[in-house]
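1. build the 3D model from these lines:
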Amino acid sequence: MFASLCRRRLLLHIRKIPGGGGGTNPLQSILGTIPPARNSYSSSAVADVSNSEPCPDTVSYLISCGLSPTAAAAATTGQRLRICSTDKADAVCALLRHYGFANADIIRTLRSAPSILIVDPERILRPKLDFLASLGFEPRKIATAPFLLARSLDKHLVPSIQFIRGIIGSDDDLRLGISRIPRALMADVDKNMRPVVEALRRCGLTEAAISKLLVIRMGVLMASPDRIREIFEELKAIDMRIPDSRFVYCFSAMWGVKRGTWRRKLELFQSFGVSEGEVLEAFKKQPTIVLLADESIKRKVQFLLDELKLGITDIMLHPVILSYSLDKCILPRCAVLTVLMREGKIQRDIKLLQALLGSSKIFSTRYVLRHADDVPDVVKAYEGKIKFEGFV
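-> Residues are numbered from 1 along each chain as shown. Presented below is the predicted three-dimensional model:
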């Protein structure tokens, strides 16, 4: 019922706003102008500083909302934030809860954007929350990007959604893409979004490929046309061609790393004893390996080499294994396999890499559910209650 009402309000908004609409946004003037590329407010983004000392009453209120004393002081230091009316602040928090914000979501929102507490909840916040809810935008996602609430609904949020929907088409894909990178909505339609899409077209991407890319990595809308062209050249240099179905995934990953980081990742993988060509082929198969932290890569590769006795060439031929969490996926699966080996349910010379690969559903069906009745320990091992201590 609530979602249906929100959707109707959304349609009314879109119908009455030809090309962006008018109206002012008092919240924007309170929070200041926020650069699209930033993830959270800087102290100067909220207001000009006239008194760098935080207001004790404001700090106390933030603490009562769940922030730690340190976080509350940090959120207000250097900001002209004074909560003169706790009634208004309470009304803001109540409104957020009404829209499904959990306590953790509210804490996260206030840590980044404490000035939200002094705006008019009904006149300023509710219309935007209605709009975001109509899109199926989860509260926890809004909490990661509370600066969206500083944007004008009529001049920015609605036109942005209209433009992106025109590229993607499906509301489900629209919701998925935005949920992955909510801050992409900070990009300006005419200054950022449209030039990016036009650059992608000029470089040869089809409309379907552009739509797919935005669903995968909506943040591309914040790139510059020059960076778009650079990525195309970089992918061309490694012989990744546009018609290849993997191209948009490689493009997405390449956008996510700086040039220096890209080179460092190549050198890191090569340090394990493989050629640059092998690394590039692994990247084409599993582009996200260049987005992993260096320490994560080292830890996983060393585990696979030392504990599973795999060859580095085998790992690079199946790079998807590196995208699995070591603690939450690989180790529990290894624990399950050791239990089954101990009970004689599988051979000790099983091909470990092939056994570990696959979705959770496939692994669970093949090795856990099949043996759960006669070997209950496999369930405990899969849940992490029996730790992996190495293959004997």
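
2. show me what contacts residue 177?
-> 164, 168, 184, 214, 215, 216, 218 (C-beta atoms under 8 Å, 6 or more residues apart in numbering). C-betas here are computed from N, CA, C, even on glycine.

3. and if we set it to 6 Å?
-> 214, 215, 218 (C-beta atoms under 6 Å, 6 or more residues apart in numbering).

4. against residue 360, how distant is it?
-> Going from residue 177 to residue 360 by C-beta to C-beta, to the nearest Å gives 24 Å.

5. next one: residue 332
-> Taking C-beta to C-beta, one finds residue 332 at 10 Å from residue 360.

6. what distance do you get for residue 362 to residue 127?
-> In terms of C-beta to C-beta, residue 362 sits 46 Å off from residue 127.

7. okay, the two: which has more neighbours?
-> Counted by other C-beta atoms under 10 Å, residue 362 and residue 127 do not tie: residue 127 has more neighbours, with 16 against 10.

8. per-residue confidence, the more buried one, what does it come out as?
-> Per-residue confidence (pLDDT) for residue 127: 93.

9. in contact with it, which residues?
-> Contacts of residue 127 by C-beta under 6 Å, 6+ apart are residue 153.

10. next SSE after the helix or strand encompassing it?
-> With secondary structure defined by DSSP states H and E, residue 127 is part of helix 126-134. With elements assigned by DSSP H and E, the helix or strand that comes after helix 126-134 is helix 139-144.

11. return the list of helices and strands in contact with that next one.
-> helix 103-112 (3 or more C-beta pairs under 6 Å, 6 or more residues apart in numbering; DSSP states H and E).

12. which residues of the stretch 201-350 of the chain fall in helices?
-> In the stretch 201-350 of the chain, the helices defined using DSSP state H, counting those that start in this stretch lie at 207-216, 225-237, 247-255, 259-270, 276-285, 294-306, 312-317, 331-342.

13. who's in contact with the second one?
-> By that I understand helix 225-237. Taking C-beta under 6 Å, 6+ apart as the rule, helix 225-237 contacts 195, 199, 203, 250, 251, 254.

14. contacting residues around stretch 303-315?
-> Applying C-beta under 6 Å, 6+ apart, the contact partners of stretch 303-315 are 272, 273, 274, 352, 353.

15. want to try a markdown table for the residues you listed, with neighbour count as columns?
-> Listed next are the contacts of stretch 303-315 as a markdown table, based on neighbours: other C-beta atoms under 10 Å:
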| residue | neighbour count |
| --- | --- |
| 272 | 18 |
| 273 | 12 |
| 274 | 17 |
| 352 | 18 |
| 353 | 16 |
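
16. show me which of the residues you listed is closest to residue 207.
-> Distances from residue 207 to the contacts of stretch 303-315, taken as C-beta to C-beta, are shortest for residue 274 (37.4 Å).

17. which of the contacts of residue 177 lies closest to residue 242?
-> Nearest to residue 242 among the contacts of residue 177, with distances taken as C-beta to C-beta, is residue 214, at 16.2 Å.

18. list the contacts for the closest one?
-> By C-beta under 6 Å, 6+ apart, the neighbours of residue 214 are 168, 177.

19. separation between it and residue 181?
-> In terms of C-beta to C-beta, residue 214 sits 10 Å off from residue 181.

20. average pLDDT for stretch 160-172?
-> pLDDT averaged over stretch 160-172 gives 92.

21. try stretch 376-392
-> Rounded mean pLDDT across stretch 376-392 is 91.

22. please apply the same query to stretch 96-115.
-> 91.

23. cool, and stretch 140-156?
-> Stretch 140-156 comes out at a mean pLDDT of 89.

24. what about that stretch, start to end distance?
-> 21 Å (C-alpha to C-alpha, to the nearest Å).

25. in stretch 184-191, what's buried?
-> The neighbour-count check on stretch 184-191 (16 or more other C-beta atoms under 10 Å) flags 184, 185, 186, 187, 188, 189 as buried.

26. just the residues you listed now: which is nearest residue 290?
-> residue 184 (20.5 Å).

27. that closest one and residue 220, how far apart?
-> Separation of residue 184 from residue 220 (C-beta to C-beta): 8 Å.

28. can you check residue 83 too?
-> Residue 83 is 39 Å from residue 220, by C-beta to C-beta.

29. which of the two has more residues huddled nearby?
-> Taking other C-beta under 10 Å, residue 83 and residue 220 do not tie; residue 220 has more neighbours (26 against 20).

30. mind checking how far residue 326 is from residue 375?
-> 24 Å.

31. look at those two and report which has more neighbours.
-> In this view residue 326 and residue 375 are compared by other C-beta under 10 Å, and residue 375 has more residues nearby, 20 against 15.

32. quick one, what contacts that one?
-> So residue 375 contacts residue 343 (C-beta under 6 Å, 6+ apart).

33. with the one 5 residues further on instead?
-> Shown here is residue 380, whose contacts under the criterion C-beta under 6 Å, 6+ apart are residue 386.

34. any idea which helix or strand carries it?
-> Taking DSSP H and E as the definition, residue 380 sits inside helix 377-382.

35. alpha carbons only: can I get that helix in CSV?
-> In CSV, the C-alpha atoms belonging to helix 377-382 read as follows (Å, rounded to 0.1, in the frame of the first residue of the first chain):
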residue,chain,number,x,y,z
ASP,A,377,29.7,-32.4,10.9
VAL,A,378,29.6,-31.2,7.3
VAL,A,379,26.9,-28.7,8.3
LYS,A,380,28.9,-27.5,11.3
ALA,A,381,32.0,-27.1,9.0
TYR,A,382,30.0,-25.2,6.4
